[in-house]
Every structure is written in C-alpha cells, then in structure tokens.
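**Q** make a model of this:
(one chain, ligands or ions: 1)
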Amino acid sequence: MRADSLLREVLGYPKTVVEDVWFDRSGQVVVSVRPVAREQRRCGLCGRRSPGYDRGRAGRRRWRGLDLSAAVMWLEAGVVRVNCRLHGVVAARVPWARHGARHTREFDDQVAWLAVKTSKSAVCELMRIQWRTVGAIIARVVADIDAVTDRLEGLRRIGIDEISYRRGQLFLVVVVDHDSGRLVWAAPGRSEATVQAFFDALGPDRCAKITHVSADGASYIANAVTKNCPDAVQGVDPFHVVKWANRALTEVRAQAWREARAAAATEHKQAHGRPRKDATAPDRSASDRARQLKNSRSALWKNPENLTTKQKAKLEWIQLNDPKLYLAWQLKEGLRLTFKLPATQAEAALDHWINTARDCQIPAFVKLQRSITTYKNAILTAISHSLSNGRTESVNTKIRLYTRIAFGYHGPEPLIAIAMLALGGHPPTLPSRT
Ligand SMILES: [Zn+2]
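**A** Purely as a prediction, here's the structure:
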C-alpha cells in the first residue's frame with residue numbers, strides 16, 4: 001500500500017479527497033482536502049445543492065482534527081460560498097465538520113464523549129483545548145442530536161424538579177421520564193412560566209397523555225401541572241422529602257456547632273485566667289466538642305451501611321455526647337427507611353414517624369413534620385404509583401455533579417447541553433465505533 005492511500009485509509013474521512021500532506025513550520029501535520037465532486041456546492045445548513053456564490057472570504061480554512069499519532073493535525077481546504085434557495089449566501093457544507101465548526105466531526109465527538117466521562121482538566125489537557133471550546137463543541141453535538149430526535153415523544157409518567165447551581169443562586173427546571181429514566185427537558189428558571197414553557201413544547205395532545213407527575217411539592221410546579229394536565233395524578237417524590245430531612249439535620253448540626261464554638265471561646269478565656277481543672281476529660285472540653293461536630297458531616301449524611309469505621313466512631317461519639325443531634329439523625333434515617341417499605345406499610349410507618357417528630361422538641365424537625373403532614377397524601381400517592389423508582393433521583397444527583405463540572409461557563413446553556421448529552425438517552429459515541 002502506498003503511503004498516501006494508507007494515510008487516506010487511516011484518516012477515514014467520508015466523501016473526502018486527500019490532496020496533500022505536509023508539516024508546517026511548527027511541526028504540525030496539515031492535510032489538504034476537498035469534498036468529493038457530488039458533495040461540493042451544498043448549502044452548509046440544509047445540504048441542498050446550490051449555485052456557487054464566491055470563493056469565500058476566508059480563502060483556505062483549517063479545522064483541527066484528532067491528533068495523528070502524537071502530532072497536532074489540521075485539515076485545510078478552500079471554502080466556497082453558495083447561494084441556497086432557502087438560506088441565501090452561506091458557506092458550503094464540508095463532509096468532515098459540522099457547519100460553522102473549527103474542529104472536525106470526529107474531534108467534536110471525542111470531546112463530547114470525554115466531557116461526560118471524565119474530568120474537566122483531563123478533557124482540556126488531552127485534547128489541547130480550552131474549557132470554553134469544550135462548551136461550544138458540546139452545544140454543537142447536542143444540536144445535532146436534537147435535529148433528528150423528539151425527546152418529548154411518548155411521555156406518560158414524568159418527574160418535574162428544580163435544580164440549583166452556582167451555589168444555590170440560579171435554578172433549572174428539569175423534566176425526567178419515569179419510564180425510561182431519561183432527562184427530556186431542561187430550562188433556566190424556577191417559576192410557573194418556566195414549567196409552562198415545557199407544557200407548551202409538549203403541546204395539548206401530548207399533555208393529555210400524561211398520566212402521572214411527581215415533583216417536590218413546590219406550588220409553582222403543581223399549579224402548572226394542574227393547569228395543563230388536569231387529569232394527571234400528582235405525587236411528591238419521597239427522595240425530595242429525604243432531602244428536606246437532610247436540610248433539617250443540617251440546621252440542627254450547625255446550631256450544635258455554633259453553641260460548642262461559643263462555649264469553647266468562653267473556656268479559652270477562662271483558661272487564660274486560671275489553669276483548667278478538668279484537663280483529663282478531652283471529650284468534655286468545649287473546643288474538642290466543636291472540632292468533633294465540625295467534622296461530622298459525612299457521618300451524619302451517608303447511609304449507615306456505607307459508613308467507614310471512622311465515620312461509625314463519629315456517629316457513636318454523637319450518640320454519647322449530643323443526644324439532640326443524634327435524635328435528629330435518627331429521625332432523618334427513620335424517614336429514609338420508611339420510604340423503603342412496601343406501599344402497603346408506608347402509610348402506617350409515615351404516621352408513626354409524624355407522631356414521633358411532633359414531640360421531638362427539635363424545631364427544625366417539628367417544622368418538617370408539619371410539611372410532611374401537609375404533603376402526606378401526595379407522598380403516599382408517589383409511593384403507591386411507583387413514582388419513587390430512584391431513576392429521577394439518580395438523574396437529579398447526576399445533574400448536580402454536572403453543575404460542578406459546568407462551573408466556569410457563562411450562562412446555563414452549556415450546563416443544560418452537557419446534562420442532555422449525558423442523561424438524555426443519546427450518549428455520545430467515540431468516532432468510528434458503533
Ligand atoms: Zn440551505
């Protein structure tokens with residue numbers, strides 16, 4: 001096999017003629033290409049064969065391709081402009097890249113694959129691009145998928161949620177299909193208008209086919225659902241309720257820590273006046289107590305079966321030294337376990353929980369008990385209709401991970417694009433693999 005046909009084979013661009021290859025002055029590989037004859041003079045937007053307009057303003061243009069071995073590789077070609085019947089004067093389509101892109105299609109696809117599989121720094125370092133470029137590439141890949149799929153087709157049972165990002169400053173409304181576990185829609189905002197935009201996109205015919213909707217109890221979501229899907233059964237997803245309980249536990253722990261810290265400060269002042277008598281009881285010293293509480297987060301939050309030995313010891317310490325915080329933890333755990341019970345036992349267990357929490361004398365949990373009483377029927381509805389199948393929760397958790405990855409982008413669009421790409425049911429594939 002001759003070297004040039006070998007190269008053509010290796011590069012494997014469809015509908016593309018390789019004209020020449022050389023190293024440029026910086027040691028990067030440049031491959032001169034052109035579309036095969038029947039691919040020339042097609043509109044970059046619709047692909048329609050169109051009369052030529054001119055030879056383009058840019059003259060010859062380069063696209064970054066995947067590295068050739070370890071060398072950076074560029075494709076170079078002259079780009080003509082065509083006069084499309086529909087789109088007017090536009091750059092002609094090229095088979096190796098998406099319209100308007102400065103990277104080849106396979107470069108885009110590999111970046112998209114990496115972006116959902118690995119860390120931000122790994123993508124940037126491996127592909128030698130800026131994070132901002134990754135955002136633009138993901139947007140292109142998602143737009144490609146959206147052009148040929150209807151994510152809202154066939155929806156019956158959905159979950160509508162609010163996700164906060166930018167340290168709780170900004171919000172997204174996301175819609176998940178309970179049956180497929182896919183993320184089907186997301187938009188910035190947290191208002192009835194945001195949810196209405198989803199139902200508008202769905203249209204009245206498909207709204208009528210929605211049978212079940214789970215949410216987090218927010219009235220703006222419930223209002224929009226009632227307006228658009230009056231016959232749908234509405235439930236409150238138990239994982240949201242566990243989240244409320246975690247929030248209440250955070251409050252109790254924060255207060256315990258503040259109190260211990262204040263006591264430590266007093267103790268410190270006294271110690272300067274006269275030597276402390278009880279220096280042999282380290283767990284009783286207020287500063288030690290503050291330190292123990294400060295590092296207690298993961299022991300309190302994780303499910304007990306997943307605790308490390310150290311975290312278990314921490315929990316035991318809390319049990320011995322802070323009965324109130326321990327009771328708060330027990331209430332949170334009790335609630336979580338209630339939702340693991342079969343639907344037939346859930347109601348009695350929830351009633352029992354409500355009775356215990358009502359008398360616990362911890363304000364955050366008394367308040368939680370009131371909300372749970374309000375939403376009790378909606379919570380039980382979600383359980384009995386299996387709207388709490390964990391899929392929505394897992395999508396919700398994963399989006400939260402992506403909010404951290406997408407941090408550093410301006411605006412919510414790259415976050416939505418990366419979440420859609422990862423959780424929308426059309427995962428990116430590596431070039432040349434099926
Ligand atoms: Zn066109």
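
**Q** may I have the host helix or strand of residue 234 as CSV, with CA atoms only?
**A** Assigned by DSSP states H and E, residue 234 belongs to strand 233-236. Extracted C-alpha coordinates of strand 233-236, given in CSV (Å, rounded to 0.1, in the frame of the first residue of the first chain):
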residue,chain,number,x,y,z
VAL,A,233,-52.1,12.0,39.3
GLN,A,234,-49.7,14.3,41.2
GLY,A,235,-47.3,13.0,43.8
VAL,A,236,-44.4,14.2,45.9
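
**Q** show me the contacts for the residue in the stretch 251-400 of the chain positioned nearest to the ion.
**A** Proximity of the stretch 251-400 of the chain to the ion (CB to the ion) peaks at residue 399, 35.3 Å away. (Each C-beta comes from the backbone N, C-alpha and C, glycine too.) By CB atoms under 8 Å, 6 or more residues apart in numbering, residue 399 lies in contact with 163, 172, 174, 183, 186, 419, 423.

**Q** which of those residues are close to the ion?
**A** Among the contacts of residue 399, no residue lies close to the ion (CB under 5 Å from the ion).

**Q** farthest-apart pair in those, please.
**A** 172 and 423 (12.5 Å; CB to CB).

**Q** would you mind measuring from residue 102 to residue 251?
**A** The gap separating residue 102 from residue 251 is 50 Å, by CB to CB, to the nearest Å.

**Q** also residue 72?
**A** Taking CB to CB, one finds residue 72 at 53 Å from residue 251.

**Q** cool, residue 95 as well?
**A** Relative to residue 251, and taking CB to CB, residue 95 is found at 59 Å.

**Q** then residue 195?
**A** For residue 195 relative to residue 251 (CB to CB), the value is 28 Å.

**Q** compare the two (neighbour count), which wins?
**A** residue 195 (27 against 17; other CB atoms under 10 Å).

**Q** isn't that one right next to residue 222, touching?
**A** No: judged on CB atoms under 8 Å, residue 195 makes no contact with residue 222 at a distance of 9.3 Å.

**Q** now do the contacts for residue 362.
**A** 248, 252, 324, 327-328, 331.

**Q** now list the buried members of these.
**A** 248, 252, 327-328, 331 (16 or more other CB atoms under 10 Å).

**Q** among those, which are located in helices?
**A** 248, 252, 327-328, 331 (DSSP state H).

**Q** mind picking the two most distant members of those?
**A** Every pair of these checked by CB to CB; the farthest is 248 and 327, at 11.7 Å.

**Q** before we move on, back to that, residue 412: which of the contacts of residue 362 is nearest?
**A** Residue 412 lies nearest to residue 248 out of the contacts of residue 362, by CB to CB, at 28.9 Å.

**Q** how far away is the closest one from residue 66?
**A** When residue 248 is compared with residue 66 (using CB to CB), they lie 51 Å apart.

**Q** how near is the residue in the stretch 201-350 of the chain positioned nearest to the ion to residue 140?
**A** Across the stretch 201-350 of the chain, no residue is closer to the ion than residue 201, which sits at 25.1 Å (CB to the ion). Distance, residue 201 to residue 140, using CB to CB: 21 Å.

**Q** what sits against the closest residue to residue 234 other than its chain neighbours?
**A** Once flanking residues are discounted, residue 234 sits nearest to residue 213: 5.2 Å by CB to CB, 6 or more residues apart in numbering. When contacts are counted by CB under 8 Å, 6+ apart, residue 213 touches 157-160, 225, 229, 232-235.

**Q** columns neighbour count and pLDDT on top of the residues you listed, output as TSV?
**A** As requested, the contacts of residue 213 are exported to TSV (neighbours: other CB atoms under 10 Å; pLDDT from 0 to 100):
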residue	neighbour count	pLDDT
157	22	94
158	26	94
159	29	93
160	25	93
225	23	96
229	21	96
232	19	94
233	17	92
234	20	92
235	26	90
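
**Q** wait, residue 27 touches residue 74, no?
**A** No: between residue 27 and residue 74 there is no contact under CB under 8 Å: 12.0 Å.

**Q** more neighbours: which of the two?
**A** residue 74 (18 against 8).

**Q** next, that one: phi, psi?
**A** phi -120, psi 140 (degrees, to the nearest 10).

**Q** quick one, grab the pLDDT at it.
**A** Note for residue 74: predicted pLDDT of 96.

**Q** nearest residue to it other than its sequence neighbours?
**A** residue 62 (4.5 Å).

**Q** again, but for residue 408
**A** Residue 408 sits nearest to residue 131 (CB to CB, 6+ apart), 6.1 Å away.
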